[in-house]
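J.: Quick one, fold the following:
(chains A, B, C and D)
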There are 2 protein chains.
Amino acid sequence: MSIIAVAQRAGVSIATVSRAFNSPDLVMPATRHAIEAAADALGYVPNLSARTLRTSRSHTLGVLLPTLYNPVFAECLAGIAAAAAGTGFSILPATTDYDERREQQGARALLARAVDGVILTVANAADSATLDHFKRAGVPYVLAYNRHADHPCVSVDGRAAMRELVERLLRDGHRRIAMFSGTLAASDRARQRFEGYEQAMQASGCERELIEVPFVVSAVDTLVERLRAPQRPTAVVCSNDLLAVRCLRAAALAGLAVPRDLSVVGFDGIGIGADLSPSLASIAQPNERIGHECVRLLVDAIERSERPCAADSLTLAHELRALESLGPVFRKPTPGVPR
Amino acid sequence: MSIIAVAQRAGVSIATVSRAFNSPDLVMPATRHAIEAAADALGYVPNLSARTLRTSRSHTLGVLLPTLYNPVFAECLAGIAAAAAGTGFSILPATTDYDERREQQGARALLARAVDGVILTVANAADSATLDHFKRAGVPYVLAYNRHADHPCVSVDGRAAMRELVERLLRDGHRRIAMFSGTLAASDRARQRFEGYEQAMQASGCERELIEVPFVVSAVDTLVERLRAPQRPTAVVCSNDLLAVRCLRAAALAGLAVPRDLSVVGFDGIGIGADLSPSLASIAQPNERIGHECVRLLVDAIERSERPCAADSLTLAHELRALESLGPVFRKPTPGVPR
DNA sequence: CTGTTAGCGCCTTCAT
DNA sequence: ATGAAGGCGCTAACAG
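T.: As a prediction, this is how the structure comes out:
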């Protein structure tokens, strides 16, 4: 079933059929209708490969994300998929598992598939071989979650968000506020969030405490130990929700009630957080919307035969989801004996 | 950069270059090497669209899943993506949000993209317009999670799994075991799991209790109410982990300690379950592996120009993950006053 | 406004 | 074992 059959049935040439689909206003309404009628009488579906071969436009967006095991990215991908569906682009997802090599492989695979653009999250936007790769190849791209002045990004201001959060905790009476994070070296986002924590703490004169755990590893044990010590924190801010969930668990294992003895706040706003008990307070990012906006930015640029540039970057609003794990105000803890 | 440049540089015809890539044994080792050398000296990457246009093989697998907000499917998709990457197929994901219309749309979109095969999870394998659609179009497909004698499926035996679980709970001394499920009409899997529950309960002579909640809705309230009643269940088995998480929350809100006062077991084995507190007991499905096997089945068939058939179906082993929310044995509850 | 025509890059008979 | 040549379905000049 090709354009030819449609042309014959409609009694026009194939060029007209092509035009009727691609530049409808270039063809007389009458003939256009005849063509449309013929097309769906025959169940004609344009052949994307032929079109791609001819135009070297694949109408495909590559998506390179760290992992789908973190709901943040799954949610973002859902947003991307939904947005793409509305634009006639399809998406080609790949995950990197936070592995530099897999990131490169993924990039190569996407390039081989001739994607028209790429949406990706990298470890360090400031210095990413993968990013260079796309840049060199002239492939339009947008970063999701990463924030960097030199690249087009769709993100929230993690630094400010974390600063505000810590300021609020300080206002609530907390003094020993620790930050729980994955390896800072492995993620510019975690670093930016840490900076926000650092700034607020520094301004307050309170002592900072960073509990950094090697990536992926559960790290609950480290935390339990820390939470059992006499000078334990009264609040823990986490660089992401998955860590915050573990923090909740560590608190339970350490015999602390959340939020009575300890406030816990995550970052990301993954959906399941609200269903936990205590429900997980979090600095929520609009994950789905981030996906949407990435697609919009990218597709807009592509359709103008351009590439998104740093100036197109979007900072979306975050929202402190003050759920149960964030205590209302801090009451002086029973010293020594928690629980 | 096309096959022509490679041919010139290697001093052979384009036909030979094509063969060197597709049927290496048809060309002399010497010329083959020359071609390979030329190819990667030039950084040649075959043009998939041209190949697809010529062979009408897109080397793309459609993936139609209910949602990525449920980690089960995100995990499965990760498995699919990983497996596909190893086979030269790429994947084209779409989600349906459990909506019949979106399911149809998705199917149409995949068909329009000329996917070579489809991996999907439908509401009811026994009667699915979407499935018919693919069947009629002659598109090879494999069902993930669904189980039905007439279709190729990769799944675990949910009925048996649930039966075993309930038998174990009965052995542990539980008598009032309730099942917590989404709308049974909306999912054949939930129905099969319920059947397992039903069988075991019936055999034991204990009274069955199905707590069915409308899809998507949080349903915590319904459950809290039920758990506060005097004749409350001592164990709740859930048709999936997301519901089980809500059950955990409902228990907390009802003032019940899990597992002391109530055992809760989910279904699916989503990764985050193990990090909760109490950690979520669950009948774990090998989600990633389900994805892998779907790809394998489908690709094998496609490469033989066939379609997977019902006889190819795979039943993978499930595993009862007996984590904290499943109490060791049941101790008679303080009647009337829980907590 | 519509038709004719020349490829896009590749695979695949058919010869040799 | 290799080469020559046709055509997959479509778009984009170029004519008319």
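
J.: Chain B contacts on the stretch 101-250 of chain A?
T.: Selection of the stretch 101-250 of chain A residues close to chain B by CB under 8 Å from any CB of the partner chain yields A:109, A:111-114, A:218, A:220, A:242, A:245-246, A:248-249. Placement of C-beta: from N, CA and C, glycine included.

J.: List the residue ranges of the stretch 101-250 of chain A that fall below the pLDDT cut-off.
T.: Across the stretch 101-250 of chain A, the ranges flagged by pLDDT under 70 are A:215-218.

J.: how about the helices in it?
T.: Secondary structure of the stretch 101-250 of chain A (DSSP state H, counting those that start in this stretch): helices at A:129-137, A:158-171, A:188-204, A:220-228, A:241-253.

J.: quick one, which of these is nearest to DNA strand D?
T.: helix A:129-137 (21.4 Å; CB to the nearest atom of the strand).

J.: Can I get the helices of the stretch 101-250 of chain A in CSV including mean neighbour count and distance to DNA strand C?
T.: Converted to CSV, those look like this (neighbours: other CB atoms under 10 Å in any protein chain shown; distance: least, CB to the nearest atom of the strand, whole Å):
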stretch, mean neighbour count, distance to DNA strand C
helix A:129-137, 16, 16
helix A:158-171, 20, 43
helix A:188-204, 20, 37
helix A:220-228, 18, 51
helix A:241-253, 25, 42
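
J.: doesn't residue A:296 make contact with residue A:83?
T.: Yes - using CB atoms under 8 Å, residue A:83 is in contact with residue A:296, at 6.6 Å.

J.: which of those two has more neighbours?
T.: A side-by-side neighbour count of residue A:83 and residue A:296, using other CB atoms under 10 Å in any protein chain shown, places residue A:83 first with 23 against 17.

J.: Can you report how many residues lie near residue A:85?
T.: 18.

J.: scratch that, residue A:266
T.: By other CB under 10 Å, 30 other residues sit near residue A:266.

J.: for residue A:146, same thing?
T.: Residues near residue A:146, counting by other CB under 10 Å, number 24.

J.: repeat for residue A:25
T.: Around residue A:25 there are 8 residues (other CB under 10 Å).

J.: Tell me the secondary structure at it.
T.: Following DSSP: H, G, I helix; E, B strand; the rest coil, we place residue A:25 in the helix state.

J.: where do the strands sit along the stretch 1-150 of chain A?
T.: Along the stretch 1-150 of chain A, the stretches classed as strands by DSSP state E, counting those that start in this stretch are A:60-65, A:90-95, A:117-120, A:141-144.

J.: Can you tell me what sits against the first one?
T.: When contacts are taken as CB atoms under 8 Å, 6 or more residues apart in numbering or on different chains, the neighbours of strand A:60-65 outside the stretch itself are A:73, A:76-77, A:80, A:84, A:89-96, A:103, A:106-107, A:110, A:113-121, A:130, A:144, A:295, A:298-299.

J.: How much space separates residue A:288 from residue B:212?
T.: Separation of residue A:288 from residue B:212 (CB to CB, to the nearest Å): 28 Å.

J.: now residue A:271
T.: Here residue A:271 is placed at a distance of 22 Å from residue B:212 (CB to CB).

J.: measure residue A:36 to DNA strand C for me?
T.: 12 Å (CB to the nearest atom of the strand, to the nearest Å).

J.: Test for you: state the pLDDT assigned to that residue.
T.: We have a pLDDT of 95 for residue A:36.

J.: same question, the one 10 residues further on
T.: Per-residue pLDDT puts residue A:46 at 95.

J.: Surely it and residue A:18 touch.
T.: No - the criterion here is CB under 8 Å, and residue A:46 misses it with residue A:18 at 9.0 Å.

J.: okay, and the common contacts of these two?
T.: Joint contacts of residue A:46 and residue A:18 (CB under 8 Å, 6+ apart) are residue A:3.

J.: What count of nearby residues applies to the residue nearest to residue A:198 when sequence neighbours are not counted?
T.: Computed as CB to CB, 6 or more residues apart in numbering or on different chains, the closest residue to residue A:198 that is not its neighbour in sequence is residue A:208, at 6.2 Å. Number of residues near residue A:208 (other CB under 10 Å) recorded here: 15.

J.: Same question for residue A:240.
T.: 22.

J.: who's in contact with it?
T.: A:70, A:72, A:182, A:190, A:266-268.

J.: now, which of those residues lie within helices?
T.: If you go by DSSP state H, those have A:72, A:190 in helices.

J.: Which one among the contacts of residue A:240 sits at the bottom for pLDDT?
T.: residue A:182 (93).

J.: Can you tell me how far the residue nearest to residue A:177 when sequence neighbours are not counted is from residue A:173?
T.: Using CB to CB, 6+ apart and skipping residues adjacent in sequence, the residue nearest residue A:177 is residue A:235, 4.6 Å away. Note on residue A:235: its distance to residue A:173, by CB to CB, is 10 Å.

J.: which of the two has more neighbours?
T.: Each of residue A:235 and residue A:173 has its neighbours counted (other CB under 10 Å); residue A:235 has more, 25 against 13.

J.: List the beta-bridge partners for that one.
T.: For residue A:235, the beta-bridge partners under DSSP bridges are residue A:177, residue A:263.

J.: helix or strand for residue A:308, which one?
T.: According to DSSP states H and E, residue A:308 maps onto no helix or strand at all.

J.: Next up, the contacts around the nearest residue to it once chain neighbours are set aside.
T.: Using CB to CB, 6+ apart and skipping residues adjacent in sequence, the residue nearest residue A:308 is residue A:152, 3.8 Å away. Contacts for residue A:152 (CB under 8 Å, 6+ apart) come out as A:141-143, A:297, A:308-313.

J.: Can you add neighbour count and give these back as CSV?
T.: What follows is the contacts of residue A:152, written out as CSV (neighbours: other CB atoms under 10 Å in any protein chain shown):
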residue, neighbour count
A:141, 29
A:142, 28
A:143, 24
A:297, 23
A:308, 24
A:309, 13
A:310, 12
A:311, 7
A:312, 18
A:313, 19
